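**Q** Sequence first, then the predicted structure, then my questions.
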Amino acid sequence: MSQTITQPDNTKITLTKSADYRDSYANSVQIRLSIWDFFLVFGAVDTDVQPAPDQIQITNFQGIYLSPQQAKALQSVLTQNLAQYEKTFGTISLDASSPAAQRFVVPSGPVH
(Lines give C-alpha, C1' and ligand atoms only; values in the text may rest on other atoms or scores of the structure.)
Protein backbone atom coordinates (compact mmCIF):
# COMPACT_ATOMS: atom_id res chain seq x y z
CA MET A 1 0.00 0.00 0.00
CA SER A 2 1.32 3.43 -0.94
CA GLN A 3 0.40 6.90 0.23
CA THR A 4 1.29 10.12 -1.57
CA ILE A 5 1.73 13.36 0.35
CA THR A 6 1.99 16.77 -1.32
CA GLN A 7 4.26 19.24 0.47
CA PRO A 8 3.57 23.01 0.60
CA ASP A 9 6.11 23.52 -2.24
CA ASN A 10 4.12 20.98 -4.34
CA THR A 11 6.75 18.26 -3.98
CA LYS A 12 5.00 14.88 -4.01
CA ILE A 13 6.34 12.24 -1.64
CA THR A 14 5.19 8.64 -2.04
CA LEU A 15 5.40 6.47 1.07
CA THR A 16 5.49 2.70 0.57
CA LYS A 17 5.82 0.02 3.26
CA SER A 18 8.38 -2.70 2.60
CA ALA A 19 7.40 -6.36 2.84
CA ASP A 20 9.10 -6.64 6.24
CA TYR A 21 7.60 -3.41 7.67
CA ARG A 22 6.23 -3.74 11.20
CA ASP A 23 4.94 -1.46 13.94
CA SER A 24 6.45 -1.87 17.38
CA TYR A 25 6.11 -0.18 20.76
CA ALA A 26 9.23 1.18 22.45
CA ASN A 27 9.51 2.71 25.89
CA SER A 28 13.31 2.76 25.80
CA VAL A 29 15.57 4.52 23.32
CA GLN A 30 19.34 4.56 23.61
CA ILE A 31 21.35 6.91 21.42
CA ARG A 32 24.98 6.52 20.43
CA LEU A 33 26.80 8.83 18.09
CA SER A 34 29.88 9.20 16.00
CA ILE A 35 31.09 11.90 13.67
CA TRP A 36 29.18 10.17 10.83
CA ASP A 37 26.03 8.73 12.43
CA PHE A 38 23.49 8.72 15.18
CA PHE A 39 22.49 5.19 16.21
CA LEU A 40 19.08 4.83 17.87
CA VAL A 41 18.40 1.53 19.62
CA PHE A 42 14.75 0.91 20.45
CA GLY A 43 13.66 -1.46 23.19
CA ALA A 44 10.92 -2.32 25.63
CA VAL A 45 11.07 -2.68 29.37
CA ASP A 46 10.43 -6.31 30.25
CA THR A 47 7.93 -5.92 33.09
CA ASP A 48 7.81 -9.70 33.64
CA VAL A 49 11.56 -9.98 34.32
CA GLN A 50 12.93 -7.48 36.80
CA PRO A 51 16.07 -8.91 38.44
CA ALA A 52 15.77 -6.67 41.52
CA PRO A 53 13.76 -3.63 42.67
CA ASP A 54 16.63 -1.33 41.67
CA GLN A 55 17.22 -2.97 38.25
CA ILE A 56 15.35 -2.78 34.96
CA GLN A 57 15.53 -5.37 32.18
CA ILE A 58 15.24 -3.90 28.66
CA THR A 59 14.94 -6.01 25.52
CA ASN A 60 16.25 -4.14 22.47
CA PHE A 61 14.59 -5.04 19.19
CA GLN A 62 15.65 -2.51 16.55
CA GLY A 63 18.63 -0.31 15.77
CA ILE A 64 18.40 2.55 13.27
CA TYR A 65 21.30 4.60 11.90
CA LEU A 66 20.58 8.24 11.03
CA SER A 67 22.78 10.83 9.38
CA PRO A 68 23.32 13.97 11.49
CA GLN A 69 21.03 15.82 9.06
CA GLN A 70 18.22 13.28 9.52
CA ALA A 71 18.73 13.35 13.31
CA LYS A 72 18.30 17.15 13.25
CA ALA A 73 15.19 16.82 11.05
CA LEU A 74 13.81 14.21 13.48
CA GLN A 75 14.45 16.60 16.39
CA SER A 76 12.48 19.32 14.58
CA VAL A 77 9.55 17.04 13.79
CA LEU A 78 9.47 15.69 17.37
CA THR A 79 9.60 19.22 18.82
CA GLN A 80 6.66 20.32 16.67
CA ASN A 81 4.63 17.21 17.45
CA LEU A 82 5.35 17.33 21.20
CA ALA A 83 4.23 20.97 21.30
CA GLN A 84 0.98 20.02 19.54
CA TYR A 85 0.48 17.04 21.88
CA GLU A 86 0.97 19.20 24.98
CA LYS A 87 -1.34 21.88 23.58
CA THR A 88 -4.03 19.23 23.10
CA PHE A 89 -3.50 16.95 26.12
CA GLY A 90 -1.46 18.93 28.65
CA THR A 91 2.15 19.12 29.75
CA ILE A 92 4.24 15.96 29.69
CA SER A 93 6.18 15.60 32.94
CA LEU A 94 9.43 13.69 33.27
CA ASP A 95 9.86 13.73 37.02
CA ALA A 96 13.28 12.21 37.79
CA SER A 97 11.66 9.67 40.10
CA SER A 98 9.14 8.47 37.51
CA PRO A 99 9.66 5.03 35.92
CA ALA A 100 9.66 6.61 32.43
CA ALA A 101 12.52 8.96 33.28
CA GLN A 102 14.51 6.11 34.81
CA ARG A 103 14.39 4.15 31.54
CA PHE A 104 16.76 6.50 29.75
CA VAL A 105 20.01 4.65 29.15
CA VAL A 106 23.15 6.49 28.09
CA PRO A 107 25.60 3.87 26.85
CA SER A 108 29.16 4.89 26.23
CA GLY A 109 31.33 4.14 23.26
CA PRO A 110 31.41 4.98 19.58
CA VAL A 111 29.11 3.77 16.83
CA HIS A 112 30.95 1.51 14.40
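**A** Looks like it arrived, so ask away.

**Q** Tell me how far the residue nearest the centre of the chain lies from residue 79.
**A** The centre of the chain sits closest to residue 29, judged by Cα atoms, centre = their mean, with a distance of 5.7 Å. Distance from residue 29 to residue 79, counting by Cβ to Cβ, to the nearest Å: 16 Å. All C-beta atoms are positioned from the backbone trio N, CA, C, and that covers glycine.

**Q** contacting residues around residue 49?
**A** Contacts for residue 49 (Cβ atoms under 8 Å, 6 or more residues apart in numbering) come out as residue 57.

**Q** One more pass at 10 Å, please.
**A** Residue 49 makes contact with 55-57, 59, according to Cβ atoms under 10 Å, 6 or more residues apart in numbering.

**Q** Is it possible to mark the buried ones in the residues you listed?
**A** Neighbour-count burial (16 or more other Cβ atoms under 10 Å) is assigned, among those, to residue 56.

**Q** Three-state assignment for residue 75, please.
**A** helix (DSSP: H, G, I helix; E, B strand; the rest coil).

**Q** hang on, I meant residue 72
**A** Assignment for residue 72 (three-state DSSP): helix.

**Q** How many residues are close by residue 87?
**A** The number of residues packed near residue 87 is 9, by other Cβ atoms under 10 Å.

**Q** Would you agree it falls within a helix?
**A** Yes - counting by three-state DSSP, residue 87 is located in a helix.

**Q** per-residue pLDDT, it?
**A** Note on residue 87: pLDDT of 96.

**Q** again with residue 50
**A** What the model reports for residue 50 is a pLDDT of 75.

**Q** Not counting sequence-adjacent ones, nearest residue to it?
**A** residue 57 (6.0 Å; Cβ to Cβ, 6 or more residues apart in numbering).

**Q** Residue 51 now?
**A** Counting by Cβ to Cβ, 6+ apart, residue 57 is the residue found nearest to residue 51 once chain neighbours are left out, at 6.3 Å.
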